[in-house]
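Engineer: okay, structure incoming, though there's no sequence with it:
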């Protein structure tokens with residue numbers, strides 16, 4: 001058991017400690033953050049594969065005092081070291097993906113290029129490997145009676161995590177904060193594209209009984225058709241619809257409660273950082289104008305908790321990196337709030 005008698009939460013964080021400057025080991029911490037440094041299929045800006053290590057550094061600036069969830073951190077938060085082999089695999093396959101994307105963007109025909117056929121096969125095999133790696137690591141942590149939060153990397157990193165949660169928890173729902181639906185089938189030929197993350201989750205994990213998407217503002221017709229044909233398994237709250245309701249006098253509490261009412265008893269929080277206003281995440285992979293203030297999102301999450309539903313996990317994805325470390329600082333604060341929510345829901 002970690003001795004906190006000499007730990008001063010008001011002092012400057014020690015870089016020799018773990019996430020948020022906390023002195024907990026993997027063995028003593030109740031909540032483990034699993035970093036997944038992977039960004040093979042990102043559409044535009046790179047960097048999110050290296051977000052976990054940048055967020056770790058920025059987390060030392062996060063104040064531990066939280067008036068809403070006071071002292072939850074005392075139960076122990078610990079972030080594992082990002083796996084260098086996974087990062088190197090991501091770097092290699094990302095370069096391969098860039099060549100492939102440029103080829104098809106320029107009008108190339110896949111069946112006419114054996115090298116590109118080999119490339120897309122390698123990328124899909126690598127993505128499947130990553131899914132299994134995440135699943136096995138998450139499953140192992142659950143077996144040690146840990147709570148687990150996933151820190152990406154891109155959104156495709158969540159598939160193995162959801163599979164492990166399904167095995168451990170049974171049926172659950174996902175509350176997805178995102179600018180995008182992520183419901184494309186094998187986008188650009190990548191079976192496990194970040195743009196296909198929720199499609200794959202729903203197709204491969206029957207235990208996901210409901211997907212509630214909030215803040216969506218960039219999607220294609222095929223995704224909208226998939227939502228319409230889901231028989232209510234997917235409920236999507238578009239950003240424009242929420243903004244129109246607010247403009248017409250509805251309050252965020254009522255809208256938030258309408259969202260929460262769609263969720264089952266067990267909930268995973270899926271937080272793609274581009275669900276926020278781009279001023280908070282300018283270097284995310286695919287920023288889209290619109291979005292939320294961070295406080296609005298956590299008000300919604302608090303309403304989930306207050307409703308009596310159980311938060312069983314979270315994934316935080318698509319955080320960019322920047323020279324001024326703004327994206328990382330926002331990401332670290334969001335991560336701390338997610339940890340507090342998960343811990344509070346399982347106390």
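Structural biologist: Right, received. Where do you want to start? Just so you know, these numbers come straight off a predicted model, no measurement behind them. Numbering: from 1, shown residues only.

Engineer: and the worst-scoring helix or strand of the chain on mean pLDDT, what's buried?
Structural biologist: Ranked by mean pLDDT, DSSP states H and E, the weakest helix or strand in the chain is helix 84-105, scoring a mean of 93. Using 16 or more other CB atoms under 10 Å as the test for burial, helix 84-105 gives 86-87, 89-91, 93-94, 96-97, 100, 103. Quick note: C-beta positions are derived from backbone N, CA and C, even for glycine.

Engineer: okay, and residue 53 sits in which element?
Structural biologist: helix 51-59 (DSSP states H and E).

Engineer: ok now that helix, how far from the chain's centre?
Structural biologist: Centroid separation for helix 51-59 versus its chain: 15 Å, with CA atoms, centre = their mean, to the nearest Å.

Engineer: and the contacts of it?
Structural biologist: Residues from elsewhere that reach helix 51-59, judged by CB atoms under 8 Å, 6 or more residues apart in numbering: 13, 19-21, 35-37, 79, 82, 151-153, 319-321, 325, 327-329, 331-332, 335-336.

Engineer: looking at those residues, which are in helices?
Structural biologist: 327-329, 331-332, 335-336 (DSSP state H).

Engineer: who wins for neighbours among those residues?
Structural biologist: Each of the ones in helices among the contacts of helix 51-59 was scored for neighbours by other CB atoms under 10 Å, and residue 331 scores highest at 30 neighbours.

Engineer: and the gap between that one and residue 11?
Structural biologist: Separation of residue 331 from residue 11 (CB to CB, to the nearest Å): 23 Å.

Engineer: the stretch 1-150 of the chain: strands as residue ranges?
Structural biologist: For the stretch 1-150 of the chain, the strands defined by DSSP state E, counting those that start in this stretch occupy 31-36, 77-79, 147-152.

Engineer: export those to JSON lines and tack on distance to residue 278?
Structural biologist: Putting the strands of the stretch 1-150 of the chain into JSON lines (distance: least, CB to CB, whole Å) gives the following:
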{"stretch": "strand 31-36", "distance to residue 278": "23"}
{"stretch": "strand 77-79", "distance to residue 278": "26"}
{"stretch": "strand 147-152", "distance to residue 278": "18"}
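
Engineer: which stretch among those strands comes nearest residue 122?
Structural biologist: Of all the strands of the stretch 1-150 of the chain, strand 31-36 sits nearest to residue 122, with 19.1 Å by CB to CB.

Engineer: what comes into contact with the closest one?
Structural biologist: 19, 26, 52-53, 75-83, 86, 130, 134, 137-138, 141, 146-153, 157, 161, 335, 339, 342-343.
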